[in-house]
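fold the following.
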Amino acid sequence: MRIPRLYEPDVHQPGQQFHLNDNAFQHAVKALRMQNGQSLELINGRDNGYYAATLLEVSKKQALIEVHSFHPLDNESPLRVHLGQSLSRGERMDYAIQKATELGVATITPLFSERCEVKLNAERQDKRQQHWQQVVISACEQCLRPLIPPVQSPQNLADWCASVEAELKLVLHHRTPARLSSLAKPASVALLIGPEGGLSEAEIELAEQHGFIAMALGPRVLRTETAPVAALSILQHLWGDA
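As a prediction, the model looks like this:
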């Protein structure tokens, strides 16, 4: 069985002994039923690598571990992609964020757009942001990615288009004949994905006014949670590490 890899923000050097955080404890002890003497790999989301550790004392409520060594691992994509993902309901948003993380996205910003059906007050925004960040963490644990991409606070689409910085900015929609293969290789990309009802003409025009290039992935209309998966796969194949 593969050694479980868990997110533990407090790990930072070999020789440490401490109790796992609640999420790591639930995963290791409650879900995987790990026992004394078994091995773990820990990531802190900041260091390019993982820490090898061993469970020392496992009880019903906590687990003491000892950190042995640090192992460098740099599997970040050379292409830095900032995903602006219009909000969608429930599992669709989770899916888009999870798969974008697996495909090497650098930053994710949830966006309120004209046809977005999701309404969040300030309290719910904070809770959803925390939830989405945990989706990212779980995806990083699964795909062996040591760095944790940040999920930024939800923004209005117009504000994000005006402020995001990237060498190449792309707005995806199916009504343009342009294709990604026609573009020169960039070092960074801002990728704008519309909601379930698509971006309005006014939003596409606004994005273009801020330097975004309209681009299509093919003649078919993709769902909002499918578009980032397809786009990131193509971007990584063309200019990244896929």
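
so where's the chain uncertain?
1 (pLDDT under 70).

ok, and the closest non-adjacent residue to W132?
V151 (4.5 Å; CB to CB, 6 or more residues apart in numbering). For the C-beta atoms, the positions are set from N, CA and C on the backbone; glycine is no exception.

can you report how many residues neighbour that neighbour?
Counted with other CB atoms under 10 Å, the neighbours of V151 add up to 24.

centroid-nearest residue for this structure?
Taking CA atoms, centre = their mean, the centroid of the chain lies closest to T101, which sits 3.4 Å from it.

so who does M215 touch?
Taking CB atoms under 8 Å, 6 or more residues apart in numbering, we find M215 in contact with 170-172, 176, 178-180.

tell me what it is bridged to.
L172 (DSSP bridges).

from here on, count from 561
Sure thing, new numbering starts at 561, so read that last one as M775.

thinking again about what came up before, can you tell me the helix or strand for the residue nearest to the centre of the chain?
Using DSSP states H and E, T661 sits within helix 651-662.

would you confirm that F578 contacts E617?
No. Taking CB atoms under 8 Å as the definition, F578 is not a contact partner of E617, at 11.5 Å.

hey, what's in contact with both of the two?
Common neighbours of F578 and E617, using CB under 8 Å, 6+ apart, are L624.

distance from the helix holding T661 to the middle of the chain?
Helix 651-662 has its C-alpha centroid displaced from the chain centroid by 7 Å (CA atoms, centre = their mean, to the nearest Å).

check which element follows that helix along the chain.
Taking DSSP H and E, what comes next after helix 651-662 is strand 667-672.

what residues of the next helix or strand after that following strand count as buried?
For strand 667-672, the following helix or strand on the C-terminal side (DSSP H and E) is helix 682-703. For helix 682-703, the neighbour count (16 or more other CB atoms under 10 Å) marks 688-689, 692-693, 695-701 as buried.
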